[in-house]
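# Quick one: sequence and predicted model below, then my questions.
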Amino acid sequence: MKTNQTKFSLACALPLAMLIAVGAPLPVIGVGIARSAMAAPQAPPTDGGKKKKKIGAAKEEKAVEFTPENMAQLQKLANDRKLTPDDLMAAAKTFQPSGRHDEYIMFASGGHSGQVFVIGVPSMRLLRSIAVFTPEPWQGYGYGVGNDVLKEGDIPNQELRWGDTHHPALSETKGDYDGEFLFIGDKANARLAVIDLRDFETKQIVKNPITMSDHGAAFVTPNTDYVIEGGQYAVPFGNAYATSDEYQKSYRGMVTYWKFDRAKGRIDMSKSFALELPPYWQDLFDAGKLACDGLIFGNSFNSELATGGIELNKPPFEAGTTQRDMDYLHIIDTKKAEAAFNAGKFEKVNGFPVIKIETLIAEGILFFAPEPKSPHGVDVTPNGQYVVIAGKLDPHVTIYSTEKIKKAIAEKKFSSKDSYGIPILDFDAVMEAQVELGLGPLHTQFDDKGYAYTSLFLDSAVSRWTLGGEYSSLHPEQPWKLVSKTPVQYNIGHLCSAEGDTVSPDGKYLIAMNKWAIDRFFPTGPLLAQNFQLVDIEQGGTAMPVIYDSPIGVGEPHYCQMIKADKLHPWTIYPEIGWDPQTQAIDPKAPKPGQEKVVRDGKNVEVYMTAVRSHYFPENVEVNEGDNVTWHITSMERTMDATHGFCIGGYNINLSLEPGEAATFHFVANKAGVYPYYCTEFCSALHLEMVGYFRVKPAVH
Amino acid sequence: MSPFLSRVFGPRVSPEFVRADRMRYSLPPLMLSLARIALVVSVFLPYWHMTLEAPQYPEGLELTAYVNQLVGDVREIDGLNHYIGMRKLNDAASLERAMGVWMVIAMLFLVEGAALVHSRWALLLVLPALLFPLGFLVDLQYWLYSHGHNLDPTAPLSSSVKPFVPPALGIGNIGQFRTIASAGTGWYLACASSLLTALALFFHRRAYKPLYDRMLAEKASI
C-alpha cells in the first residue's frame, strides 16, 4: 500500500498529546508538530488487526443431541448400506466435516514414484504430493524450474530422473519432531533429499559419492545435527569395478553422517563423512536418544557375504544370505566417529571422507551384537533404554538393553570378532528380552501407554506387546508379552503411530502400510493401489480396531512419519513478492510491475514478465531462432491459493507460480514458429484469457 | 486593542477573575483540550471499515480507512476491481488523505484559538472540527459514488456491471460480493470530539457573553 508520509512514532505523538492536554501556548505546539515530522499513523500490518476466522478449526463446542428421528434415519441408513455399529463408530472416528482440518499430518514416502505424499489423519485424505527425485508437472518441478535441484542428484554421464524414496525423517529438536524439515533417501541411487516444510518443496539432493545403494535413509540424530544414510547392497566404493570373487576384499557397506546446517536448510557436504563397513547389507538405522544419545544402531543381513549366482547353479541370494543363524546389529559411537573425522583419521574416496574399518576398530567406534538372522527394523524405545530388532524370518522381536550394551563395551565383553576384526559383543550380555509375536515381524513403533507395535508381514497383522523396565508401570499386563493382534489387509510392511518414533509418542492412530490390497478396492487393471489402513490404538489392551482403508494409487509408499498438525507452520503465500523458493529469499532479478521488458544481448535474450489475474505482462514475446532465452516471471498475487501456471507449448516448459513466487528458466529457442503460452492452473473467471504468444522468428539460412 | 479586534477577541479577563469562578471560566478550555486530545488520538485509529464477503474468500476481504491512508486487502480488491474497470482505490481521495493529518493539526490550532476568543467568533474557529466527522462520511460517499460510476468501458466485465454505489455505511451487494461498511473507533472519537467542542462552546459562550455584552455596553457608554 502506498503512503508517502513518514511513520508516526509514538515517541512524538505522546509529548504532543501531553502538550495539548496541559493547554500549552500555541508556538510550543507548533514546534512540537514540526518536530514530529508530520503525523502519519501507520496502520498495523495487513492481517495484524484483522479478526480472522481460524481456518479449519472445529466449530464451537456444544453437546450434540440426536433426535429419535435422527436415530431412525441412522438405523435405516445402516441397514440399507449394511453397516455394523463398529462401522459407524469407525466412520465417526475418521470422518472430517467439510472445512475441518486433520489432527495429524503424515509424510509417506512414495517408493519408486520418487515422491513424498502428505496425508491427513484420521481422514486419510491425500493433501498433496511433493516431487523429490522425479519431475512432476503440476508442481512445476523439472519442467523449467527445479531442474537445478534435480541436476544436483545426477551422476557423471547420467541424468537420474527417478528415485526409490524409502524412509522420510522429520527434523527433530531434543528427539521430538519440530516440523521444520523433512529428509528422504533414494535407495536406487544412494541419494538424500532435503524438503523445507515452509513451502513443502525439495531444496536439495545430495548424491552419496562413495556408493550406489542405500536403505537406512533417512534417520536424524535427536537435534538433527546429522542425517543418517545407511547403505544397502554393498559395492566397491567410488564407482570402482570388482568381480564377485573379490566381494570380501573390494565390496563395502557404509553409513554416512550428513551434517545438516539448519540455518541454511541444507546438507553441508564439507562437514559430512562416511564410515566404511563390511559388505554385509546394512538395512535400517535408528539414532539413539536420551539414555543412548550419541549412539546409532543399524541392523544388517548377508553376513554370509553371499554373491548370488542362480544362473551358475549357485545358491540364489534369497538362500545364500540366510544360511547363518545370526547377523550383526551395528552399534556406532557418533561422538567418537566425529572426533576421528575432525582429527583427520579418514581416507578420501571420490573426494569424500571415509573412516576406514581399522580406524573404527582402533578408535572404538564400531561394535557388533549378534541378532537373529536377516532381521528387519531397528527401533529405539522413546526413553532410549532399549533397541528392538524385529526377526523377519524369526517370530520374535529381540530387545537389547542400551545400558547393557554400554556396559559390555566398557568391560570388553566380546564373544568373538568378525572376519574384518570388528568386536562382537556377547549376545547374552546385551540382550534384555525376546518376545514371540508371530510370523514375519518387521518394524516397531511405540505409544504413550508402554506398548510397542510391531508389523507382522506373513501374519498380515499388527501386534501390540508390552515393554518392560520403567514402562511396566504404564500398562496392566506383564512386561515383554504379546497383548493382541489385529489382522490387516494385506502384507504389512512398515507401520507408524502418531509421533511413534520420537521421545514422546502420542499413542493415537497407527498406520498399517500394507503392500498388497488384493480385494480391498475396485481393481484398476492388474496394477493395484497399496492399502494404508488406519488403526485406532487409543485404548489399551486388546482393543485395536482398523477404522479406515485408504488406497494409495500413486506410488509404493514404504515408511511414513506422523506429526501433530499444529507443529507445522507452512507459509500460505510466499513472504514477499519476488520470492525465490530455491534460496528462500527475494530474487533481486525478479521482475517488478512496471519494469517488464525483453532485453537482448547478442543471442542472449532475457524476458522479464509479471503474472497477475488474469494476464501476463508482456503478452507478446518475440525471439530469433537459436536464441538463448532466460525467462523470469514474478507472480504478483498475495491471496492464498491464487496460483498461476505458466506453460509454453512445444518447449516442455510448465511452471507453478504460487503467490509471490519468482521463477527463472532457460532454454534455447531452437524451433521457429508461434507458441502460445498460457496459465495452466485455473486462476480466475478469465483464466482462459490468461495467454500470450511466444514467436520464434526463423533464422535466415 | 482596536475596537474591531476587541470585538473579535472579546473581553480579556484577569487571572484573579478566573480564579474567583474557576468552574465558569476554566471548564470550557478544559473541555476544548479534551476535545483536542480525542481528535489527536482518533488520527491513530481507523475511521472506517469495509468487509467484502464472497464464497471464495472465506475470511473476507478487509478495507480500513484512516485519516491519511487506506489499508487492508487493497491490492487484492484492486485486482478484482480491474475486471469491472474500477479505478484503483488509492486514486480516491488522494488529496484528502495527503491533507488529512494537516487538516487535523489545523483544527487543533483553531480549537486552541477558540479558547482564546471570547466572542461569538469562536464558533467560526471550531466549525471545521465540529463538522469534521460528517465531512469525512460525505466525502467517503462521494468517492464511493465516483468510483462506482466511472468504470472503464473497455474492462473485461464492463458489459455485465452497471454503475453502482457501495453504501458508506451498511450493507451493499456487487457481483458475488456483499459489502459491509461501518464507522471505526477513530470516527466515533472524532464525533465525541465534535460533541465535546459543541458543549464547550456553549459553556464558553455562557461564561463570556455577559462580559462581552458588558464590554459593548461600556464601549457604547464611553
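Here it is on my side, so go on.

# Give me the distance from the longest helix anywhere in chain B to the chain's centre.
Longest helix in chain B by number of residues (criterion: DSSP state H): helix B:185-221. Mean-position distance between helix B:185-221 and its chain equals 20 Å (CA atoms, centre = their mean, to the nearest Å).

# anything in that helix sitting right up against chain A?
No: judged by CB under 8 Å from any CB of the partner chain, helix B:185-221 and chain A are separated, with a smallest distance of 9.0 Å. Any C-beta I mention is one placed from the backbone N, CA and C, and that applies to glycine too.

# Listing request: residues of the chain with sub-threshold pLDDT.
I'll assume chain A. Along chain A, the parts satisfying pLDDT under 70 run over A:1-60.

# hm, I was asking about chain B
Ranges of chain B meeting pLDDT under 70: B:1.

# now the residue nearest to B:Pro128 when sequence neighbours are not counted: how far from chain A?
The shortest distance from B:Pro128 to any non-neighbouring residue, by CB to CB, 6 or more residues apart in numbering or on different chains, is to B:Met107 (5.2 Å). From B:Met107 over to chain A the distance is 12 Å, taken as CB to the nearest CB, to the nearest Å.

# Am I right that B:Met107 is in a strand?
No: under DSSP: H, G, I helix; E, B strand; the rest coil, B:Met107 falls outside any strand and is assigned helix.

# right, and the helix or strand after the helix or strand hosting B:Leu134?
According to DSSP states H and E, B:Leu134 maps onto helix B:122-149. Moving toward the C-terminus from helix B:122-149, the next helix or strand (DSSP H and E) is strand B:170-174.

# what does that next one rub up against?
B:Val161, B:Phe164, B:Val165, B:Pro166, B:Arg178, B:Thr179, B:Ile180, B:Ala181 (CB atoms under 8 Å, 6 or more residues apart in numbering or on different chains).

# who's sitting farthest from the centroid in chain B?
B:Ile222 (44.4 Å; CA atoms, centre = their mean).

# For stretch A:388-395, buried residues please.
Going by neighbour count (16 or more other CB atoms under 10 Å in any protein chain shown), the buried part of stretch A:388-395 is A:Val388, A:Ile389, A:Ala390, A:Gly391, A:Lys392, A:Asp394, A:Pro395.

# Please state the offset of it from the chain centre?
Here stretch A:388-395 shows a centroid-to-chain-centroid distance of 26 Å under the convention CA atoms, centre = their mean.

# thinking again about what came up before, out of the buried residues of stretch A:388-395, who's nearest B:Arg36?
When the buried residues of stretch A:388-395 are ranked by distance to B:Arg36 (CB to CB), A:Val388 comes first, at 75.2 Å.

# Is the closest one inside a helix or a strand, and which specific one?
Judged by DSSP H and E, A:Val388 forms part of strand A:386-390.

# For the residue farthest from the centre of chain B, give its distance to A:Asp176.
Distance of B:Ile222 to A:Asp176, computed by CB to CB, to the nearest Å: 93 Å.

# same deal with A:Lys373?
Plainly put, A:Lys373 is 34 Å away from A:Asp176 if you go by CB to CB.

# show me the contacts for the residue positioned nearest the centre of chain B.
Taking CA atoms, centre = their mean as the criterion, B:Phe132 is the residue nearest the geometric centre of chain B, at 2.6 Å. Contact analysis of B:Phe132 by CB under 8 Å, 6+ apart lists B:Leu39, B:Met103, B:Val104, B:Met107, B:Ala190, B:Ser193, B:Ser194.

# neighbour-wise, which of these leads?
Within these, most neighbours by other CB atoms under 10 Å in any protein chain shown means B:Ala190, with 29 neighbours.

# Might you enumerate the residues of the stretch 601-701 of chain A proximal to chain B?
Contact residues (CB under 8 Å from any CB) of the stretch 601-701 of chain A with chain B: A:Val612, A:Arg613, A:Ser614, A:Glu637, A:Arg638, A:Thr639, A:Ala685, A:Leu686, A:Glu689.

# Which two of those residues have the greatest separation?
Taking CB to CB, no two of these sit farther apart than A:Arg638 and A:Glu689, at 21.3 Å.

# more crowded one of the two?
Neighbours around A:Arg638 and A:Glu689, counted as other CB under 10 Å, are more numerous at A:Arg638. The numbers are 18 against 12.

# just checking, the more buried one touches A:Ile577?
Yes: applying CB atoms under 8 Å as the test, A:Arg638 and A:Ile577 come out as touching, 7.2 Å apart.

# Quick check: the residue of the stretch 251-400 of chain A nearest chain B.
Using CB to the nearest CB, A:Gly265 is the residue of the stretch 251-400 of chain A that sits closest to chain B, at 28.9 Å.

# Excluding sequence neighbours, find me the nearest residue to that residue.
Distances taken as CB to CB, 6+ apart place A:Asp196 nearest to A:Gly265, at 5.4 Å, with adjacent residues excluded.

# coming back round to it: any figure for the gap between the residue nearest to B:Pro128 and A:Asp566?
49 Å.

# ok, back up a step: for the strand holding A:Val388, C-alpha coordinates in PDB please.
Taking C-alpha atoms only, strand A:386-390 is exported to PDB below (Å, rounded to 0.1, in the frame of the first residue of the first chain):
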ATOM      1  CA  TYR A 386      16.100 -50.400  24.600                       C
ATOM      2  CA  VAL A 387      16.600 -51.300  21.000                       C
ATOM      3  CA  VAL A 388      14.100 -53.500  19.300                       C
ATOM      4  CA  ILE A 389      15.100 -55.800  16.400                       C
ATOM      5  CA  ALA A 390      12.300 -57.500  14.500                       C
END
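
# Touching the helix or strand that comes right after that strand from outside, list them.
Counting by DSSP H and E, the element after strand A:386-390 in chain order, helix or strand, is strand A:396-401. By CB under 8 Å, 6+ apart, the residues outside strand A:396-401 that reach it are A:329, A:369, A:371-372, A:375, A:385-391, A:430-437, A:441, A:444, A:452, A:454, A:465, A:468, A:480.

# Helices - which of those land there?
A:Val430.

# Buried ones among the contacts of strand A:396-401?
Neighbour counting with 16+ other CB under 10 Å marks A:329, A:369, A:371-372, A:375, A:385-391, A:430-435, A:437, A:441, A:444, A:452, A:454, A:465, A:468, A:480 as buried within the contacts of strand A:396-401.

# If we check chain B, which of these are in contact?
Near chain B, taking CB under 8 Å from any CB as the test, no member of those is found.

# quick one: contacts for A:Lys567?
By CB under 8 Å, 6+ apart, the contact list for A:Lys567 reads A:Tyr177, A:Asp178, A:Gly179.

# hang on, the second one packs against A:Val220?
No: the criterion here is CB under 8 Å, and A:Asp178 misses it with A:Val220 at 10.2 Å.

# got any residues that touch both of those two?
Contact criterion CB under 8 Å, 6+ apart; residues shared by A:Asp178 and A:Val220: A:Leu170, A:Ser171, A:Glu172.

# Closest to chain B out of the residues you listed?
The closest of those, once distances to chain B are taken by CB to the nearest CB, is A:Leu170, at 29.0 Å.

# from what I can see that closest one touches A:Leu182, true?
Yes: using CB under 8 Å, A:Leu170 is in contact with A:Leu182, at 5.6 Å.

# Specify the local secondary structure of B:Ala98.
With three-state DSSP as the basis, B:Ala98 sits in helix.

# ok, now A:Val621?
Going by three-state DSSP: A:Val621 is strand.

# How many neighbouring residues does it have?
Considering only other CB under 10 Å, A:Val621 is surrounded by 21 other residues.

# what sits against it?
Residues in contact with A:Val621 (CB under 8 Å, 6+ apart) are A:Val598, A:Val607, A:Met609, A:Tyr677, A:Gly692, A:Tyr693, A:Phe694, A:Arg695.
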